[in-house]
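> give me a 3D structure for the following:
(one chain, ligands or ions: 3)
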Amino acid sequence: MQTESAIRKGIENNEFSFFYQPKVSLVTGKVTGSEALIRWIKPDGTLILPSKFIPIAEQSGLIKEITCHMFPKLVEDILVLTDIDEHLVTSFNTSAKDFEDDCFTQSVLHTLKNSSLSANKLQIELTETATFEAASVIRDNIMILRNAGLSLAMDDFGTGYSSIDTLSKLPFTTIKLDQGIVGRMLTSDKNATIVSTSIRLAHELGLSIVAEGVESEEQYHYLLNAGCTEVQGFWISRPMPISQFISFISTNSSWSSGIPVGLIHMAIVDHVQWRKNLVSELIKIASLPEGHPNRQLLKIPPLSCRECRLGRWYYGVGQTMFHDHVAFQELEFPHDDLHKIGQLLVEMVGNGAKMETLTPYLQKLSASSMEVLSKLQNLEDEGLTDMHRIE
Ligand code: C2E
Ligand code: MG
Ligand code: MG
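Ligands and ions are numbered 1, 2, ... in the order given. Here you go, the predicted structure:
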């Protein structure tokens with residue numbers, strides 16, 4: 001462990017820099033950006049990992065100085081990287097202490113105003129334990145950065161005591177699955193379940209999800225199959241100095257390994273949930289006597305076929321991934337039909353229709369739903385066949 005005064009001297013002598021570890025999209029197989037990880041390189045060339053000084057810096061409050069000292073360096077690096085590929089997003093680790101006053105926040109806002117850095121190229125990572133007792137000043141400062149356009153990731157998700165609760169308290173855009181859970185998911189069924197349900201949770205909350213600590217091709221395939229969208233880990237690359245990272249992105253490598261079959265499964269579950277939520281609300285309201293004060297449809301899922309989760313997938317990422325698959329093309333008509341019946345049912349219940357009038361239309365809705373499911377399952381089977389052919 002390093003001492004506080006040694007760290008202070010290291011700051012004065014400019015001995016800190018960032019290594020960059022790539023993140024890869026499981027949808028496109030391309031590098032989406034990287035995580036900046038601090039390294040202390042002593043004048044004699046010794047490299048000191050953050051575990052040897054970040055905990056001390058956090059305890060003593062020195063972390064604030066490190067963060068503010070490193071931020072201009074980070075911006076300089078990001079501008080070089082986005083010059084090579086404008087889509088790259090860089091994430092940066094922060095501690096809750098960095099938000100106890102507005103020093104760091106103001107420094108970010110100042111940089112955004114006075115440099116060509118776009119806010120959406122920068123992501124802040126916060127560990128869940130650090131946010132555990134997020135005071136209002138911390139939340140306010142984080143909110144200022146979110147409003148300025150930065151994204152926010154919960155680091156090491158699953159390791160603290162309150163991950164799920166914290167997700168509702170701060171405006172996270174991304175979950176980073178802890179490397180310990182990822183590392184155990186192939187040998188422990190419970191860990192595998194935690195990984196797949198965390199991915200589902202992120203999907204339902206509309207958050208992106210990055211699995212950390214991916215060390216093997218097998219883990220990569222498991223995550224692809226589970227619907228994860230991004231990975232980071234030694235199997236892709238270890239963290240490296242910026243010069244090496246530049247060569248890395250310039251080689252234009254691709255890790256794509258076929259159809260992202262997990263996303264098709266997500267679409268299946270989305271559809272099943274949509275139908276159930278709609279039918280449940282329709283039946284609940286139609287069963288109430290006429291004139292009942294609660295006879296109002298309040299919890300209706302999106303009725304437009306482009307706005308439900310399946311529709312957003314179909315007309316969004318689905319079009320880029322699956323447009324040439326017959327089962328995907330054949331999905332559009334029954335899905336559209338399903339929504340038309342849904343709209344009709346909502347109108348009927350709104351006009352006071354009773355259960356017996358609704359029943360034949362509910363049956364039509366179910367028939368369309370079965371057709372949607374059958375097309376999605378055909379697509380899923382195609383994906384699974386493709387995946388096992390590759391393996
Ligand atoms: P983290 O943010 O969770 O970063 C991921 C850590 O896991 C990094 O360790 C990375 O090198 C390591 N890692 C990545 N892929 C794999 C893998 O496949 N297998 C294994 N076994 N490890 C992998 P690193 O760089 O030593 O950083 C450790 C922690 O120090 C970070 O964890 C982060 O919490 C903290 N940290 C790093 N840089 C900074 C910084 O600039 N500011 C602050 N406040 N904390 C930082
Ligand atoms: Mg991190
Ligand atoms: Mg982490």
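> ok, Thr67 touching Phe104?
Yes: using Cβ atoms under 8 Å, Thr67 is in contact with Phe104, at 5.6 Å. C-beta here means a position set from N, CA and C on the backbone, and glycine is covered the same way.
> quickly list what's touching both of those two.
Common neighbours of Thr67 and Phe104, counting by Cβ atoms under 8 Å, 6 or more residues apart in numbering, are 94, 98.
> you'd agree Ile209 is up against Asp178?
No: using Cβ under 8 Å, Ile209 is not in contact with Asp178; the gap is 11.8 Å.
> what does the protein put close to ligand 1?
When proximity is defined by Cβ under 6 Å from any ligand atom, the chain lies next to ligand 1 at 21, 37-38, 49-51, 54, 63, 93-95, 125, 127, 155-156, 179, 212-215, 233-234, 239.
> from the residues you listed, list just the buried residues.
Listed as buried from the residues of the chain next to ligand 1 are 21, 37-38, 54, 63, 93-95, 125, 127, 155-156, 179, 212-214, 233, 239; burial here means 16 or more other Cβ atoms under 10 Å.
> secondary structure class for Ile194?
Judged by DSSP: H, G, I helix; E, B strand; the rest coil, the three-state class of Ile194 is helix.
> how about the closest residue to it other than its chain neighbours, what does it touch?
Take Ile194 and drop its neighbours on the chain: the residue closest to it by Cβ to Cβ, 6 or more residues apart in numbering is Ile181, 5.7 Å away. By Cβ under 8 Å, 6+ apart, the contact set of Ile181 is 158-159, 191, 194-195, 198.
> from those, which one has the minimum pLDDT?
When the contacts of Ile181 are sorted by pLDDT, the bottom entry is Thr159 at 83.
> SS state for that residue?
Thr159 is classified as coil under three-state DSSP.
> which is the next helix or strand following the helix or strand of the chain with the lowest mean pLDDT?
Least confident element among the helices and strands of the chain, by mean pLDDT, DSSP states H and E: helix 128-131 (a mean of 60). Per DSSP states H and E, the first helix or strand lying C-terminal to helix 128-131 is helix 136-147.
> buried ones in that next one, by neighbour count?
So, applying 16+ other Cβ under 10 Å, buried residues of helix 136-147: 138, 141-146.
> and what of stretch 356-368?
Neighbour-count burial for stretch 356-368, with 16+ other Cβ under 10 Å as criterion, is recorded at 358, 361-362, 364-365, 368.
> can you check stretch 313-325 too?
Neighbour count says stretch 313-325 has 313-314, 318, 321-322, 325 buried, by 16+ other Cβ under 10 Å.
> need the worst-confidence member of the buried residues of stretch 356-368.
Leu358 (94).
> name the element Arg275 belongs to?
In the assignment (DSSP H and E), Arg275 maps to helix 261-286.
> quick check: mean pLDDT of that helix?
For helix 261-286, mean pLDDT is 96.
> swap in stretch 214-226?
94.
> ok but the residue nearest to Ile194 is inside a helix, no?
Yes: remark: Ile181 belongs to a helix, assigned using three-state DSSP.
> report the separation between it and ligand 1.
Ile181 sits at a distance of 12 Å from ligand 1 (criterion: Cβ to the nearest ligand atom, to the nearest Å).
> pull the contacting residues for the residue nearest in space to the middle of the chain.
Nearest to the geometric centre of the chain sits Ser208, at 1.3 Å (Cα atoms, centre = their mean). Ser208 makes contact with 173-175, 202, 229-230, according to Cβ under 8 Å, 6+ apart.
> circling back to that earlier point, by contact count, what packs against the helix holding Arg275?
Secondary-structure packing of helix 261-286 (3 or more Cβ pairs under 8 Å, 6 or more residues apart in numbering; DSSP states H and E): helix 189-205, helix 217-226, helix 309-315, helix 317-322, helix 332-350, helix 355-390.
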